[in-house]
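Participant: Predicted coordinates and the sequence they were generated for:
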Amino acid sequence: MKKLMLIVILGLLVLSCRNEEKKSLPVIEEKVQSTTGLYTDYFNDTKKVRALSDKILFAGDTLAYRELYSIYALSGHKEEYLCTSILMANKYGYKQACYDVYSILYSMNEFVNKEKIVNKEKLTFLDNETQKFAFKYLKKAAEQGHFQAKESLLLYDKNGGFLKNK
């Protein structure tokens with residue numbers, strides 16, 4: 001009797017395992033997005049951009065400035081950030097903004113030559129006034145202790161002329 005009972009229980013267990021629906025793992029769709037795509041989404045988020053802009057313009061918030069700069073730069077809109085950089089440099093004396101004014105103008109000095117980006121060390125593609133303007137902000141950033149500005153300043157003479165390697 002015990003054997004029969006054991007066989008029935010084992011049989012029921014086997015049948016119950018077979019009848020149980022096999023549950024498959026849920027398929028997780030990964031949304032792979034490039035950095036540029038992600039920051040383009042941030043750039044198009046007008047509420048976020050407006051909130052960061054207000055913190056920068058009305059309070060001189062350096063964290064908001066850096067975040068918004070990243071959004072503009074990594075979404076391919078770096079040049080459009082020039083006005084904000086000038087304002088932050090002049091109104092709040094932020095040394096990173098001073099360097100960014102120079103850096104943005106300097107990046108406009110790049111050109112594409114046979115599918116390769118070439119960066120000219122001189123600010124030759126900029127007119128004289130814009131070159132002086134860029135150099136002024138580079139000097140300003142260096143005077144405020146910005147390390148990268150100090151390094152970049154070594155490439156120029158005291159009037160903003162590019163020093164040639166000997």
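Facilitator: The structure has been received and is ready for your questions.
Participant: Could you pull out the strands in this structure for me?
Facilitator: 110-113, 116-119 (DSSP state E).
Participant: Name the nearest residue to residue 53, ignoring sequence neighbours.
Facilitator: residue 68 (6.7 Å; C-beta to C-beta, 6 or more residues apart in numbering). C-beta coordinates here come from the backbone N, C-alpha and C atoms, glycine included.
Participant: Test my guess that the one you found contacts residue 51.
Facilitator: No - using C-beta atoms under 8 Å, residue 68 is not in contact with residue 51; the gap is 9.5 Å.
Participant: Can you name the residues that contact the residue nearest to residue 53?
Facilitator: Contacts for residue 68 (C-beta atoms under 8 Å, 6 or more residues apart in numbering) come out as 49, 52, 53, 56, 81, 84.
Participant: give me the number of residues near the residue nearest to residue 98 when sequence neighbours are not counted?
Facilitator: In space, and not counting its chain neighbours, residue 98 is closest to residue 141: 3.7 Å by C-beta to C-beta, 6+ apart. Neighbourhood size, residue 141 [other C-beta atoms under 10 Å]: 27.
Participant: contacting residues around residue 141?
Facilitator: Counted by C-beta under 8 Å, 6+ apart, residue 141 has contacts 95, 96, 98, 99, 102, 149.
Participant: For stretch 96-108, give the mean pLDDT please.
Facilitator: Per-residue pLDDT over stretch 96-108 has a mean of 91.
Participant: What are the buried residues along that stretch?
Facilitator: For stretch 96-108, the buried set under the neighbour-count rule, 16 or more other C-beta atoms under 10 Å, comprises 96, 97, 98, 99, 100, 101, 102, 103, 104, 105, 106.
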